[in-house]
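Peer 1: here's my sequence, what's the structure:
(one chain, ligands or ions: 2)
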Amino acid sequence: MSENGYASDTLNDFAAEPAEERRVVVLISGNGSNLQALIDEQSHDRLGGRIVAVIANQADAYGLQRAREAGIDAVALPHREYESREAYDGALIKVIERHEPDLVVLAGFMRILTPRFVQRFLGRLINIHPSLLPAYQGLHTHARALADGVAEHGCSVHFVTEELDGGPVALQAAVAVAPDETEDSLKEKVQAREHLIYPIAVKWCLEGRLRFGEGGARFDGTPLPPTGLRLSHADAAEELDEDAEE
Ligand SMILES: Nc1nc2c(c(=O)[nH]1)N[C@@H](CN(C=O)c1ccc(C(=O)N[C@@H](CCC(=O)O)C(=O)O)cc1)CN2
Ligand SMILES: NCC(=O)N[C@@H]1O[C@H](COP(=O)([O-])[O-])[C@@H](O)[C@H]1O
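Peer 2: Ligands and ions are numbered 1, 2, ... in the order given. Below you'll find the predicted structure:
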């Protein structure tokens, strides 16, 4: 394990490489709206790397169609065809390794990953979660937040560890919960923020600005608090617009 917590120095190495040589593999299970946000940023050369493959554990995941339309290798690897979680993850590792990624991005990937998988990509494996972690780890986050009557909800980008949704948080974005909020309206609000912060998180990981450090996540070498960097809508839009001006 290198000093910055990576399983290898890979991220240190490729962060110095030209953006177009940095390789990203995205794992999905369904619609792929976060994948689409990444594809859109890539199309403007603002992702800091290139999505070389999209892999879905559901053959009917619409995100596979999004990948094909973007000319990206789209792989269906249905988990139901494997006898165990370990067998599936072993096959998934082999498919991912064929694409030699520098970063593995979970974008609505709805499978709990085994310790073997996590250790293989530790430090260069991130996820977008629909809550302000550490609140509401797991599933059905919007319904749970509404049931609790919270005033604020949101999304988190975190490095993936063996602990489900317990890895170091890198970025967060918050939304206000309206009195008449429904699960659908809250999901829509949160996903709009996801589509802003995830491309930024991927870019900053590929550039080596966001790292999985010994004590947690680091941004430009500075340890981040347990809730990561809080990005306002304006901050995120400015970061993307700034790139747009380049
Ligand atoms: N070891 C880890 N695996 C995964 C993590 C993680 O942090 N560590 N993040 C999740 C993403 N996720 C929430 O953000 C999540 C995905 C899936 C589940 C879950 O309970 N999955 C069930 C199946 C549910 C279904 O098919 O609808 C399962 O795998 O049995 C919880 C949280 C990705 N993996
Ligand atoms: N626990 C994992 C989880 O719930 N992830 C959530 O699934 C959605 C996928 O949407 P998408 O397929 O349109 O990107 C996203 O909102 C993401 O936060």
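
Peer 1: only C-alpha atoms for contact and neighbour calcs from this point on.
Peer 2: Noted.

Peer 1: for the protein, which residues are neighbours of ligand 1?
Peer 2: Applying Cα under 6 Å from any ligand atom, one finds that the chain approaches ligand 1 through 109-114, 129, 138-139, 160-166.

Peer 1: tell me which element I200 falls in.
Peer 2: Per DSSP states H and E: I200 is located in helix 183-206.

Peer 1: list the helices and strands that helix packs on?
Peer 2: helix 10-15, helix 33-43, strand 103-106, helix 141-148, strand 152-159, strand 169-176, strand 210-213, helix 233-245 (3 or more Cα pairs under 8 Å, 6 or more residues apart in numbering; DSSP states H and E).

Peer 1: lowest-confidence stretch among those?
Peer 2: Out of the helices and strands packed on helix 183-206, helix 10-15 stands lowest, with a mean of 57 (criterion: mean pLDDT).

Peer 1: now do the domain split for the chain, please.
Peer 2: Domain segmentation of the chain under automatic domain parsing yields 21-121, 129-246.

Peer 1: helix, strand or coil: sort out the residue nearest to D165 when sequence neighbours are not counted for me.
Peer 2: Leaving aside its sequence neighbours, D165 sits nearest to Q137 (Cα to Cα, 6 or more residues apart in numbering; 5.6 Å). Assigned by DSSP: H, G, I helix; E, B strand; the rest coil, the conformation of Q137 is coil.

Peer 1: pLDDT score for Q137?
Peer 2: 97.

Peer 1: how near is it to K189?
Peer 2: Distance of Q137 to K189, computed by Cα to Cα, to the nearest Å: 19 Å.

Peer 1: give the buried residues for the helix holding I200.
Peer 2: 183, 186-187, 189-206 (16 or more other Cα atoms under 10 Å).
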